[in-house]
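Novice: I'll drop the sequence and a predicted model, then ask my questions.
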Number of protein chains: 2
Amino acid sequence: MDLKKWIRDIPDFPVRGIIFRDITPLLKDPEAFREAINMMKEKVSDIKIDLLVAPEARGFIFAAALAYDMKKGFVPIRKPGKLPYKTVSIEYDLEYGKAELHMHEDAIRQGDKVLIVDDVLATGGTVSAIAKLVEEQGGVVAGILALAELSYLNPRTRIGNYRVETLIVY
Amino acid sequence: MDLKKWIRDIPDFPVRGIIFRDITPLLKDPEAFREAINMMKEKVSDIKIDLLVAPEARGFIFAAALAYDMKKGFVPIRKPGKLPYKTVSIEYDLEYGKAELHMHEDAIRQGDKVLIVDDVLATGGTVSAIAKLVEEQGGVVAGILALAELSYLNPRTRIGNYRVETLIVY
């Protein structure tokens, strides 16, 4: 199944000069969405994983379906002011602007093997920040898994030595 | 399984006087999360459904896992400026403040049977607004499904005649 045909290019979103890869047609198609989740799961089937983490909001979609199917826990990574309990946080640069991500301070136990999940790897800034946050809390980054990557933005360079798995390369 | 024991009460969040029901302990526990999804699915097993819709961000978690498992499509409902393609929108009042929700204009086809999913029904304002948006686009609201409801805020009164299913009542 060529999953790319369910991804729609939107020029100049969210800002001029950016081509946004719109995954909503894929989500809406039951077979394409299911196939994407199954293929993502397959990509990390050899890795020992304790829990999945993902940034809001699109990352939640893939991580929740994967966590359910893989029988793992899910930890949401959120923007400031969204998580109700005590949090730890990290600030970082992204493709357009700056961002800060929070995680509950009790979300990860020492030595937890953590799979970081997102929809699309652009510059890799978000998942790199999450990897740092996970490690600061004593977790071990087992891998980074995304539906797609924008290779022309060189996310793997920024991400560095972590194992990265994606289904679709632009 | 008593799912309530995985939900944590956070007083005065996001504003003074509100008790926030924090579902992140449930999400983090593989058995509790899986059981919650399975029980939610069971609640609507007699309903004919074409697709699931959910508001960002916590609604995505439950709707994505359910859509995957039920082999249905998923449509995200988002805050202004988040969806890249042409959208339709609705404004409404919520427990604390005002909100506006958007959906892609091609997300729903005439006659689609739509299950609205969220984590917690508070006043019912969000799901009521989504129901209106779905119907304005020619969809049929097949039901409203959530993990929990805050009965002291009377969500069912505001929601009216739609079928509402939840697992946990506060």
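Specialist: Now that the structure is in, tell me what you want to look at.
Novice: contact partners of the one helix or strand A:Pro76 maps to?
Specialist: Per DSSP states H and E, A:Pro76 falls inside strand A:73-77. With contact meaning Cβ atoms under 8 Å, 6 or more residues apart in numbering or on different chains, strand A:73-77 is reached by A:50-56, A:59-60, A:63-64, A:67, A:83, A:101-104, A:107-108, A:114, A:130, A:133, B:24, B:27-30, B:33, B:57-58, B:61. Yep, even glycine has a C-beta here, placed from its N, CA and C like the rest.
Novice: got any ranges where chain A has weak pLDDT?
Specialist: Within chain A, the ranges that satisfy pLDDT under 70 run A:94-96.
Novice: ok, for the residue nearest the centre of chain A, nearest residue in space, not its chain neighbours?
Specialist: For chain A, A:Asp118 is the residue whose C-alpha lies nearest the centre (Cα atoms, centre = their mean; 1.7 Å). Closest residue in space to A:Asp118, ignoring its immediate chain neighbours: A:Gly59 at 4.4 Å, by Cβ to Cβ, 6 or more residues apart in numbering or on different chains.
Novice: So the one you found lies in a helix, does it not?
Specialist: Yes. Counting by DSSP: H, G, I helix; E, B strand; the rest coil, A:Gly59 falls inside a helix.
Novice: and the nearest residue to A:His104 once chain neighbours are set aside, how many neighbours does it have?
Specialist: Leaving out its chain neighbours, the residue that sits closest to A:His104 by Cβ to Cβ, 6+ apart is A:Tyr85, at 5.0 Å. For A:Tyr85, the neighbour count with other Cβ atoms under 10 Å in any protein chain shown is 15.
Novice: likewise A:Lys71?
Specialist: There are 10 residues near A:Lys71, going by other Cβ under 10 Å.
Novice: thinking it is in contact with B:Ala32, fair?
Specialist: No. Using Cβ atoms under 8 Å, A:Lys71 is not in contact with B:Ala32; the gap is 11.4 Å.
Novice: hey, where'd the strands end up in chain A?
Specialist: For chain A, the strands defined by DSSP state E occupy A:8-11, A:19-22, A:51-55, A:73-77, A:87-94, A:97-104, A:113-121, A:140-149, A:164-169.
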